[in-house]
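Asker: Please find the sequence and the predicted model below.
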Amino acid sequence: MKAIWNGQVIAESDNTINIEGNQYFPPSAIKKDFFKDNEMKSVCPWKGTASYYDVVVDGKTNTGAAWFYPSTSELAKNIEGYIAFWKGVTVEK
């Protein structure tokens, strides 16, 4: 699977996990140069508290376009630290 934004592959892996229609990429699959920390947080009742990254490609910023759970509930341990995308980031094979 590949995550693409603004014409650039920002993550790529053969080991994503599909949960609720989202592909979660292992931390080693992201191209860290395209990711900036974001202070945004949200809470999922069964996964835990999500943190976000901004995705930055060619000087354009997609605010909060990637999220991950740094510490999950027991039910979601298999995606702890994995990264998923939204806000126009395309995920494809």
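Answerer: Arrived safely, thanks for sending.
Asker: for residue 37, what are its contacts?
Answerer: 53, 54 (CB atoms under 8 Å, 6 or more residues apart in numbering). (Each C-beta comes from the backbone N, C-alpha and C, glycine too.)
Asker: Now do the buried residues in the host helix or strand of it.
Answerer: Element membership for residue 37 (DSSP states H and E) is strand 35-44. Neighbour counts over strand 35-44 (16 or more other CB atoms under 10 Å) mark 35, 38 as buried.
Asker: could you dump that strand to PDB, C-alpha only?
Answerer: The C-alpha trace of strand 35-44 is given here as PDB (Å, rounded to 0.1, in the frame of the first residue of the first chain):
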ATOM      1  CA  PHE A  35       5.800  14.700   8.700                       C
ATOM      2  CA  LYS A  36       5.600  17.500  11.300                       C
ATOM      3  CA  ASP A  37       4.200  17.100  14.800                       C
ATOM      4  CA  ASN A  38       0.800  18.600  15.400                       C
ATOM      5  CA  GLU A  39      -0.700  19.400  18.900                       C
ATOM      6  CA  MET A  40      -4.200  18.100  17.900                       C
ATOM      7  CA  LYS A  41      -5.700  15.200  19.800                       C
ATOM      8  CA  SER A  42      -8.900  13.200  19.600                       C
ATOM      9  CA  VAL A  43     -10.300  10.300  21.500                       C
ATOM     10  CA  CYS A  44     -11.700   7.000  20.100                       C
END
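Asker: Before I go, just wanted to say thanks for your time.
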